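1. Just a sequence and a predicted model for now, questions to come.
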Amino acid sequence: MTALDTATATVRAFLTGDFSTYRQLYEQLDRDERGAFAVVLAAAFRHAATRRFGEKYSIGDVVEFVAQARAQYPHVGEEVTAEDAEKVIRAALGEDSLLDTMSGRAYGAAQAAMLFGLTHEEEASRAGIHALVSSATDQAEGYLRRRERQALWSRMRRWPHCGQC
Amino acid sequence: MVTDAQVAALRAVLTGETRTFDLMGGASGLDYGEEFAVLIAAAFIAAARRQFGPGWSRSNVIRFVGQLRARDQGEYADVSAGAAEQMLISALEGKPLQRQFDEFAKGYAQAAVLTELVSALDEKQLDALLEDARQEANRWLAGQTRP
């Protein structure tokens, strides 16, 4: 199983509410798998946020959604502030600068919580979640392949000048 | 002389196989030694001349580099256009680089351009190009030729 396969399975377990499997898988993720997990989650989140709010969203729409989601899952509401949740959604919709002062930990927690909220706003369909995760995985695969390629290129530093040949 | 492992390491760079690259010669690109750098240069020159042919023009070089950097909605815009263009022109003219660039920008651009140059080759063609590059690199290392 590749890092991406493991990451996808972990995201899927999370979004289908299979939390014991999710926790088990997440705790065993190695560094590459954690990286892949973050990419799949981010891709799924962007897709879900864009689908929910569209291009002509208002900040009020986002505030209202976040309030509803945090109220529905109050234990999450304790860990994720309204401001952080609103920022990650608005950033996914294009307002990237809102993330400048946000810690990685807060970003991850808010993103995961809001993704769960977005996929369970109405009665969550397993098929819908699987389709979302599949699409996110395809996107993540392209991104990870490019990133790996760029990392390899970064390690190539020798170019003998023709004068040295 | 260029070793099988060094050819395999270069092949891994060009096909994006990080694990193979790490296995072939250690975690740091600097571990590969002079032979590896000469092999890359020889492969670069061979691939550039194959891509552009004897009737090459600076316009074609600029367009090629532009297309590489614009790929995937600009994901490779971090490749230095200046370094990429000048290295290609240097390879096609058979002359030293006309401008100085920092080592990181050169290495990165070299790898990116070479990856793009060979992207349309099938496995056999890539193997043939790498074998030709190895032979040319060995002649170069033995002091028998200049690129």
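-> That came through fine.

2. Find the least confident helix or strand in chain A, judged by mean pLDDT.
-> Within chain A, no helix or strand scores below helix A:74-79, which has a mean of 77 by mean pLDDT, DSSP states H and E.

3. which residues touch that helix?
-> A:Ala69, A:Arg70, A:Ala71, A:Ala109, A:Ala113, A:Phe116 (Cβ atoms under 8 Å, 6 or more residues apart in numbering or on different chains). Yep, even glycine has a C-beta here, placed from its N, CA and C like the rest.

4. Can you get me the centre-to-centre distance for it and its chain?
-> 19 Å (Cα atoms, centre = their mean, to the nearest Å).

5. now for the contacts of helix A:74-79, which pair is the farthest apart?
-> Pairwise distances across the contacts of helix A:74-79 (Cβ to Cβ) peak at 17.3 Å, for the pair A:Ala71 and A:Ala109.

6. With neighbour numbers in mind, choose between those two.
-> Ranked by neighbour count (other Cβ atoms under 10 Å in any protein chain shown), A:Ala71 and A:Ala109 place A:Ala109 first, with 18 against 9.

7. Nearest residue to that one in space, ignoring adjacent ones along the chain?
-> A:Val80 (5.5 Å; Cβ to Cβ, 6 or more residues apart in numbering or on different chains).

8. ok now do the one you found, which residues does it touch?
-> The contact partners of A:Val80, by Cβ under 8 Å, 6+ apart, come to A:Arg70, A:Ala106, A:Ala109, A:Ala110, A:Ala113, A:Met114.

9. Could you list the low-pLDDT ranges of chain A?
-> A:124, A:157-165 (pLDDT under 70).

10. that older thread, flag every buried residue along the least confident helix or strand of chain A.
-> With burial defined by 16 or more other Cβ atoms under 10 Å in any protein chain shown, the residues of helix A:74-79 counted as buried are A:Val76, A:Gly77.

11. Correct me if wrong: A:Ile59 contacts A:Arg90.
-> Yes: counting by Cβ atoms under 8 Å, A:Arg90 is a contact partner of A:Ile59 at 7.2 Å.

12. so what secondary structure elements neighbour the helix or strand of chain B with the lowest mean pLDDT?
-> Between all helices and strands in chain B, the lowest mean by mean pLDDT, DSSP H and E belongs to helix B:18-25, at a mean of 79. The contact analysis (3 or more Cβ pairs under 8 Å, 6 or more residues apart in numbering or on different chains; DSSP states H and E) places helix B:18-25 against helix A:126-154, helix B:4-15.

13. Now do A:Glu122: how many residues are near it, please.
-> Neighbours around A:Glu122, by other Cβ under 10 Å: 7.

14. now swap in A:Ser97 and tell me
-> Residues near A:Ser97, counting by other Cβ under 10 Å, number 10.

15. and if you look at the one 4 residues further on?
-> Residues within reach of A:Thr101, counting by other Cβ under 10 Å, total 8.

16. Show me the shaky parts of chain B.
-> In chain B (pLDDT under 70), the answer is B:25-32, B:144-147.

17. Contact residues of it facing chain A?
-> Residues of chain B lying close to chain A (Cβ under 8 Å from any Cβ of the partner chain) are B:12-13, B:16, B:18, B:21, B:28-30, B:32, B:34, B:36-38, B:40-41, B:72, B:75-76, B:78, B:87, B:90, B:94-97, B:103-104, B:106-108, B:110-112, B:115, B:140, B:145-147.

18. if we can go back for a sec, pull the CA atoms of the least confident helix or strand of chain B into PDB?
-> Output of helix B:18-25 as PDB, limited to C-alpha atoms (Å, rounded to 0.1, in the frame of the first residue of the first chain):
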ATOM      1  CA  THR B  18      12.700   9.100  -5.100                       C
ATOM      2  CA  ARG B  19      13.200   5.800  -3.400                       C
ATOM      3  CA  THR B  20      15.300   4.400  -6.200                       C
ATOM      4  CA  PHE B  21      17.300   7.600  -6.300                       C
ATOM      5  CA  ASP B  22      18.000   7.300  -2.500                       C
ATOM      6  CA  LEU B  23      18.900   3.600  -2.900                       C
ATOM      7  CA  MET B  24      21.300   4.200  -5.700                       C
ATOM      8  CA  GLY B  25      23.600   6.500  -4.000                       C
END
